[in-house]
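Visitor: sequence first, then the predicted structure, then my questions.
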Amino acid sequence: MFIQVNGSERDVPDGATVTEMLAALGVPARGVAVAVDGTVIARTNHDQTVVPDGADVEVLTAVQGG
Amino acid sequence: MFIQVNGSERDVPDGATVTEMLAALGVPARGVAVAVDGTVIARTNHDQTVVPDGADVEVLTAVQGG
Amino acid sequence: MFIQVNGSERDVPDGATVTEMLAALGVPARGVAVAVDGTVIARTNHDQTVVPDGADVEVLTAVQGG
Amino acid sequence: MFIQVNGSERDVPDGATVTEMLAALGVPARGVAVAVDGTVIARTNHDQTVVPDGADVEVLTAVQGG
Amino acid sequence: MDDPLVIGDRQYNSRLITGTGGATNLAVLERALKASGTELTTVSIRRVDTAGGTGVLEVLERLGIDPLPNTAGCRTAAEAVLTARMAREALGTSWVKLEVVADDRTLLPDPVELLEAAATLIDDGFTVLPYTNDDPVLALRLEELGCAAVMPLGSPIGTGLGIRNPHNIELIVARANVPVILDAGIGTASDATLVMELGCSAVLLATAVTRATDPEAMATAMRHGVIAGRLAHGAGRVPQRFWAQASSPPR
Amino acid sequence: MDDPLVIGDRQYNSRLITGTGGATNLAVLERALKASGTELTTVSIRRVDTAGGTGVLEVLERLGIDPLPNTAGCRTAAEAVLTARMAREALGTSWVKLEVVADDRTLLPDPVELLEAAATLIDDGFTVLPYTNDDPVLALRLEELGCAAVMPLGSPIGTGLGIRNPHNIELIVARANVPVILDAGIGTASDATLVMELGCSAVLLATAVTRATDPEAMATAMRHGVIAGRLAHGAGRVPQRFWAQASSPPR
Amino acid sequence: MDDPLVIGDRQYNSRLITGTGGATNLAVLERALKASGTELTTVSIRRVDTAGGTGVLEVLERLGIDPLPNTAGCRTAAEAVLTARMAREALGTSWVKLEVVADDRTLLPDPVELLEAAATLIDDGFTVLPYTNDDPVLALRLEELGCAAVMPLGSPIGTGLGIRNPHNIELIVARANVPVILDAGIGTASDATLVMELGCSAVLLATAVTRATDPEAMATAMRHGVIAGRLAHGAGRVPQRFWAQASSPPR
Amino acid sequence: MDDPLVIGDRQYNSRLITGTGGATNLAVLERALKASGTELTTVSIRRVDTAGGTGVLEVLERLGIDPLPNTAGCRTAAEAVLTARMAREALGTSWVKLEVVADDRTLLPDPVELLEAAATLIDDGFTVLPYTNDDPVLALRLEELGCAAVMPLGSPIGTGLGIRNPHNIELIVARANVPVILDAGIGTASDATLVMELGCSAVLLATAVTRATDPEAMATAMRHGVIAGRLAHGAGRVPQRFWAQASSPPR
């Protein structure tokens, strides 16, 4: 299925969970946070939460700053 | 009738208007503002506005300050 | 005779007094001070003081400054 | 003989050298400087320099300061 | 010089706005106000029987000075709005110096209550001159709401500490499209001169004059100080240099 | 007000002493001097053919301003004494602003040469106004020699850095029995106001006015600034406080 | 010395909190962080593909430094709250440096949005360290909401202007019951020393170190400067005097 | 770091020079000196029976600190020269902190007597470290005479007023070819940090430590403050800006 990740379209397995999506995107699960359609997904729910088709996903991490 | 003027009880003629009340209190009509039961009475309405019995009246004026 | 005036050679009448020297140089007598061979000549002595041949003369006046 | 030491009269052996004078005064030879009649006596001369009778002697040392 | 102070629909020749608080009596106040050359002066609104009220308006009338009622002492937007409305009826003016302070120790404005009061009074047709802190953000917000001027402090009311943060005042001036009037903290004439050199449009002060040993002399000093600073601001000062530069020609 | 500046046997109503250096032309200079209200102005002494000399005395005469010759550019007591004596003959005045500077980068006075020149000129009957640094010791020595005033700097000539060390100026004022005239470093009007508030008797400045973008406006600013500071100094300013103090009565 | 910095439920031996922004590369950053002795350091939260993200957490882990996520760049309470919640999931910490700025030119906090964001995050169980201006009223409001510390600026972010208004910082310290951490504006070590002497509990700085010519040396300087100021604050400095007082006995 | 202070033929690792005056007793003094890390400390020269003398040299010896005799209290070159010569015999050192003060109220140096004493002692083989005012001209004259360092004041002895005129200190540093040691006026650690940032080579202080409520803590503060300032001076601080500059990447 296709979803928006940080503003660009990406193809991930249908019915992927957040954890699976991150793997598919090649993003390390550690040190990142995920919001799906504007809702922050608690780390503890990454395995259960399924990413809907066409979802708008934000994947954030820590960078130098402040 | 008795009303509260600036926190102390005063006796003024029954059915007095704001203008009549000020006269009864010996307060110059000029340079003062009147609030009856928390409502500011526009200067232009002083002649028509009747002060209800037992009203809580504030009469303010300009003093040195600021 | 030739004298040094403010560092450049000038020709003035032999035996000229300070007053005559200033006239010869076309310098207004007013508002100037004269030193001959390093000695300040009091204004009151300008008429009597003769400028020696070859003298080193400084003629100063007020300019914008300070 | 009697001499002035730091402003007060003291009795020291006749013909005492600076070193002997310091001993007689009970002043440790170390860390002090001596002036006799206004002249600073070099430490190296303390043994040879005889203090004249009635001399005005200053004996200084280091104190807390600055 | 023809360099009027324009606030809302009014023009003033004097750039010194004064207060009437702190004077030992009305005679002293009148001499000081006259010496200051001010054309706009604050008054407070209190119950008619409040001591000290009598006669201040008559003094201002005699001197041809416009009264500017303040909301001094108000702690909430509601209190300030009510006071402003009473002032409008009492003095027949819709101009108000809006003060909403957070506490008695600092007398500093409460940003949230101040913004709310300003919005309400502007909707109600008032010409609002808010007393604010020296935060450039709050000053801009007040301007955006429609305030006719912004009046940042130099330092807290009555401290006489002068301009504690010239950089903030310069930031406020750099972005303001309404007059910036330095209000509070002025202690002496050089403070007023500096304020104007920083680009402020006017100075508002009270106790620096009324509580000085000689209020009339200090009022005169402030008048000259404000004029000096205004002129210097426009005259283009010399740059600052690390090394010296001669003012006389070489010998 | 009747508060004259008394130096030696003269009295002046203006406490602003100006210089004539740095002006682009005599017309600009004349307008600036007039606007400043000064009654005493420095000039330099140079060879008659030196450019810029012509006409400065005529300007001062027209404005009724006393000329104060300086010894600018002198590096030794001998040079300064000779220059002062030439000035006396040229201008018919025994007053001199005594400058003996140590180098061109700082234009700071040479303490030893300055003291020697002052002593010689005072013996010779001059009224000596020495340009000095802000060292309270040197100022006192110059007064003890018989100088008619002491003129400490605020900061080096032409830097426009204002009063770098108010504490030293206060120390000088606290011990002086002759007028203390702040000379050099003034950049803008608030500097002049502050100087007078510190207790100085007058201000001497030149390029802060003549090199300003608008010399006439800055001269006017300086006139007001000096008056403001003098009045404020005498008016007894309010004390500084850490916490606020209300200027309006409690509600 | 045993004088830990206590914030919320944590204790730190270092009173220097640093930022990671502005470093040319991670190697430079790591050396500087190590030299600073810091135990708490801010990071920003950005999209994973954002350049510069990689590796900063690993550096902090290697040095045993706690990460403090900030909400830099947020303009509204909503943005800041979302960013804080994402940071909590990404870093597994409920601590946040709360920034809600009003505009890009000043990067000053928006008081209204800041208060709203702080209230929401505190309700949500966050330990909130708000970046605020130097308004003593806003600082008190933030403490009343339950912030674990208040972090007033010395001057705007990145200006290096130091402490523009020590009086406001003293007013904040005088009334605070939580640690006051001076955040933003530090330019050099003496700024950090002064901050601690004013009674602040800690200093937060970033580009003063990372953008210095020699970040490691400046980081070391800041470490010593903070220690110096903390000790001096507690040591009871000598009073200031107008006249001199000898340190040597009379002769 | 390897950044020794070089004066004449000696090298020191510490850039903090202390005095021994003002301590309530030798035990307090010893703890403070130890905490300061100083390697060079001043002592005064007095009559053997003068109270307080006993034991100070033993303290310095125990701590491996070089004594630096001063000529405190001398008013003339002759007195200072005699005192220096006595000190040389008493302590076996040709180093001297040369003080020739003009009066007791300011304890400021007498420029003329100071120059004369310096010249005499240098001819006599002394290593002269003169206590001077902050006049850049006098500092240069002292260096030209052959002084091993120049020691300008920050403010008068014992005032604790810090650095009253940083511009003069910068002018002195800009032209000096010998170490510039800031002597007198330091009140707290940030003063010492600032001094070093201005480019001075070392700081000399006494009562700021010995008269602090906790001398040992203040001595430690001064040690860190001097190190902080020295490092910051070399680290290349960030420039000062009027507008803000972000330290976090854009969102």
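Guide: Sure, I can see it. These numbers were taken from a predicted model, which means no experiment stands behind them.
Visitor: where exactly do the helices run in the stretch 1-150 of chain E?
Guide: E:26-36, E:56-63, E:77-91, E:111-123, E:136-145 (DSSP state H, counting those that start in this stretch).
Visitor: okay, these in JSON lines with mean pLDDT and mean neighbour count next?
Guide: Placement of C-beta: from N, CA and C, glycine included. What follows is the helices of the stretch 1-150 of chain E, written out as JSON lines (pLDDT from 0 to 100; neighbours: other Cβ atoms under 10 Å in any protein chain shown):
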{"stretch": "helix E:26-36", "mean pLDDT": "95", "mean neighbour count": "20"}
{"stretch": "helix E:56-63", "mean pLDDT": "93", "mean neighbour count": "17"}
{"stretch": "helix E:77-91", "mean pLDDT": "95", "mean neighbour count": "23"}
{"stretch": "helix E:111-123", "mean pLDDT": "98", "mean neighbour count": "21"}
{"stretch": "helix E:136-145", "mean pLDDT": "98", "mean neighbour count": "22"}
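Visitor: quick check: mean pLDDT of stretch E:98-109?
Guide: In this model, stretch E:98-109 carries a mean pLDDT of 96.
Visitor: which residues does it contact?
Guide: B:66, E:70-77, E:79-80, E:84, E:110, E:113-114, E:117-118, E:121, E:128-133, E:138, E:153, E:156-158, F:243-244, F:246, G:135-137, G:140, G:171, G:175 (Cβ atoms under 8 Å, 6 or more residues apart in numbering or on different chains).
Visitor: host element of the residue in the stretch 101-250 of chain E that chain D sits nearest to?
Guide: Nearest residue of the stretch 101-250 of chain E to chain D (Cβ to the nearest Cβ) works out as E:F242 at 32.7 Å. Following DSSP states H and E, there is no helix or strand that holds E:F242.
Visitor: residue 15: neighbour count?
Guide: As the question left the chain open, I've gone with chain A. The number of residues packed near A:G15 is 11, by other Cβ atoms under 10 Å in any protein chain shown.
Visitor: ah, no, chain E please
Guide: 27.
Visitor: residues in contact with it?
Guide: With Cβ under 8 Å, 6+ apart, E:R15 has these contacts: E:5, E:196, E:201-203, E:226-227, E:230.
Visitor: may I see the residues you listed organised as JSON lines, with distance to H:T24, pLDDT and neighbour count added?
Guide: Shown next, in JSON lines, are the contacts of E:R15 (distance: Cβ to Cβ, whole Å; pLDDT from 0 to 100; neighbours: other Cβ atoms under 10 Å in any protein chain shown):
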{"residue": "E:L5", "distance to H:T24": "60", "pLDDT": "97", "neighbour count": "20"}
{"residue": "E:M196", "distance to H:T24": "51", "pLDDT": "98", "neighbour count": "27"}
{"residue": "E:S201", "distance to H:T24": "57", "pLDDT": "98", "neighbour count": "20"}
{"residue": "E:A202", "distance to H:T24": "55", "pLDDT": "98", "neighbour count": "25"}
{"residue": "E:V203", "distance to H:T24": "50", "pLDDT": "98", "neighbour count": "28"}
{"residue": "E:V226", "distance to H:T24": "52", "pLDDT": "98", "neighbour count": "28"}
{"residue": "E:I227", "distance to H:T24": "55", "pLDDT": "98", "neighbour count": "27"}
{"residue": "E:R230", "distance to H:T24": "56", "pLDDT": "98", "neighbour count": "29"}
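Visitor: spell out which parts of the stretch 51-200 of chain E neighbour chain G.
Guide: In this structure, the stretch 51-200 of chain E approaches chain G at residues E:102-103, E:105-106, E:108-112, E:115, E:133-138, E:140, E:155-156, E:161, E:164-165, E:167-168, E:171, E:175, judged by Cβ under 8 Å from any Cβ of the partner chain.
Visitor: so E:A192, which of the three states?
Guide: helix (DSSP: H, G, I helix; E, B strand; the rest coil).
Visitor: how close does it sit to E:A23?
Guide: According to Cβ to Cβ, to the nearest Å, E:A192 and E:A23 sit 18 Å apart.
Visitor: who has more neighbours, the two?
Guide: E:A192 (36 against 25).
Visitor: which non-adjacent residue is nearest that one?
Guide: Leaving aside its chain neighbours, E:A192 sits nearest to E:G225 (4.0 Å; criterion: Cβ to Cβ, 6 or more residues apart in numbering or on different chains).
Visitor: now swap in E:N168 and tell me
Guide: E:D134 (4.1 Å).
Visitor: residue boundaries of the strands in chain A?
Guide: A:2-5, A:8-11, A:32-36, A:39-41, A:56-64 (DSSP state E).
Visitor: correction: the previous question concerned the stretch 151-251 of chain E.
Guide: E:151-152, E:181-183, E:202-205 (DSSP state E, counting those that start in this stretch).
Visitor: and the first one, what does it pack onto?
Guide: Of the remaining helices and strands, those touching strand E:151-152 by 3 or more Cβ pairs under 8 Å, 6 or more residues apart in numbering or on different chains; DSSP states H and E are strand E:127-132, helix E:166-175, strand E:181-183.
Visitor: now it, how far from the centre of its chain.
Guide: A distance of 7 Å separates the centroid of the chain from that of strand E:151-152, by Cα atoms, centre = their mean, to the nearest Å.
Visitor: can stretch E:110-128 be said to contact chain B?
Guide: No: for stretch E:110-128, no contact with chain B is found by Cβ under 8 Å from any Cβ; the gap never falls below 10.8 Å.
Visitor: quick one: is that stretch near chain F?
Guide: No: judged by Cβ under 8 Å from any Cβ, stretch E:110-128 makes no contact with chain F; its nearest approach is 13.8 Å.
Visitor: how far is that stretch from where the chain is centred?
Guide: In terms of Cα atoms, centre = their mean, the centre of stretch E:110-128 is set 18 Å apart from its chain centre.
Visitor: and if you look at stretch E:155-167?
Guide: On Cα atoms, centre = their mean, the centre of stretch E:155-167 falls 13 Å from that of its chain.
Visitor: ends of it, what's the gap?
Guide: Across its full length, stretch E:155-167 reaches 13 Å between end residues, using Cα to Cα, to the nearest Å.
Visitor: same question, stretch A:1-17
Guide: By Cα to Cα, the extent of stretch A:1-17 from end to end equals 12 Å.
Visitor: can you give me the buried ones in it?
Guide: A:3, A:5-6, A:12, A:16-17 (16 or more other Cβ atoms under 10 Å in any protein chain shown).
Visitor: the residue nearest to E:N168 contacts E:P166, doesn't it?
Guide: No: using Cβ atoms under 8 Å, E:D134 is not in contact with E:P166; the gap is 9.4 Å.
Visitor: between these two, point out the one with more neighbours.
Guide: E:D134 (28 against 17).
Visitor: could you report the distance from that one to G:M151?
Guide: 19 Å.
Visitor: columns mean pLDDT on top of the strands of chain A, output as JSON lines?
Guide: Supplementary listing: the strands of chain A in JSON lines, determined by pLDDT from 0 to 100:
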{"stretch": "strand A:2-5", "mean pLDDT": "93"}
{"stretch": "strand A:8-11", "mean pLDDT": "91"}
{"stretch": "strand A:32-36", "mean pLDDT": "93"}
{"stretch": "strand A:39-41", "mean pLDDT": "93"}
{"stretch": "strand A:56-64", "mean pLDDT": "92"}
